[in-house]
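A.B. asks: the amino acid sequence is not available; the structure is as follows:
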Ligand SMILES: [Zn+2]
């Protein structure tokens, strides 16, 4: 089975709320920063060039809830930016090492892998060959911060 995959950033409705309210869904104020360059942005799934206006806010990537539904820090643009194409692996994340952490439909964590640069897309396809895998979270290797969520299309 060659699953068609979808790559999900912070949802647009949540970004609108954060930008409009001036705080995230967990009460942290949006503090505008100038990107130093290299920050992974979870709004448009790109790596920030130096000089972009960004903010560090909290996000809970898992919608199912449960004990594994972690809340963590993410960089986002402080104003509207392009919505990434849902069916294309985000180009800027291809050559980064990543932790790929799979979950089943009830939100329980399954066995993950560390993907070397350039291998995340292939490793994701392999993980989704297991029908128990419902979503996979792509995360930073050292800090463990969530980058984006992957699921089967439709
Ligand atoms: Zn953005």
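C.D. replies: Looks like it arrived, so ask away. All values reported here derive from a predicted model rather than from experimental measurement. Numbering: from 1, shown residues only.

A.B. asks: pLDDT below threshold where in this structure?
C.D. replies: Applying pLDDT under 70 to the chain flags the ranges 1-3.

A.B. asks: now the top helix by length along it: buried residues?
C.D. replies: Scanning the chain for the longest helix, with DSSP state H as the assignment, gives helix 12-21. Judged by neighbour count (16 or more other C-beta atoms under 10 Å), helix 12-21 contains these buried residues: 14, 15, 18, 19. Bear in mind the C-beta positions are built from the backbone N, C-alpha and C, glycine included.

A.B. asks: which two in those residues are spaced the farthest apart?
C.D. replies: Largest separation among those by C-beta to C-beta: 14 and 19, giving 9.7 Å.

A.B. asks: could you list the residues in contact with the longest helix of the chain?
C.D. replies: Outside helix 12-21, the residues that touch it by C-beta atoms under 8 Å, 6 or more residues apart in numbering are 24, 25, 30, 43, 57, 59, 76, 78, 79, 80, 83.

A.B. asks: tell me how far the helix or strand following that helix lies from the chain's centre.
C.D. replies: The element immediately downstream of helix 12-21 (helix or strand, assigned by DSSP states H and E) is strand 33-34. Centre-to-centre, strand 33-34 and its host chain are 20 Å apart (C-alpha atoms, centre = their mean, to the nearest Å).

A.B. asks: which strands and helices sit next to the next helix-or-strand element following strand 33-34?
C.D. replies: For strand 33-34, the succeeding helix or strand toward the C-terminus, using DSSP H and E, is strand 40-41. Judged by 3 or more C-beta pairs under 8 Å, 6 or more residues apart in numbering; DSSP states H and E, strand 40-41 is in contact with strand 72-77.
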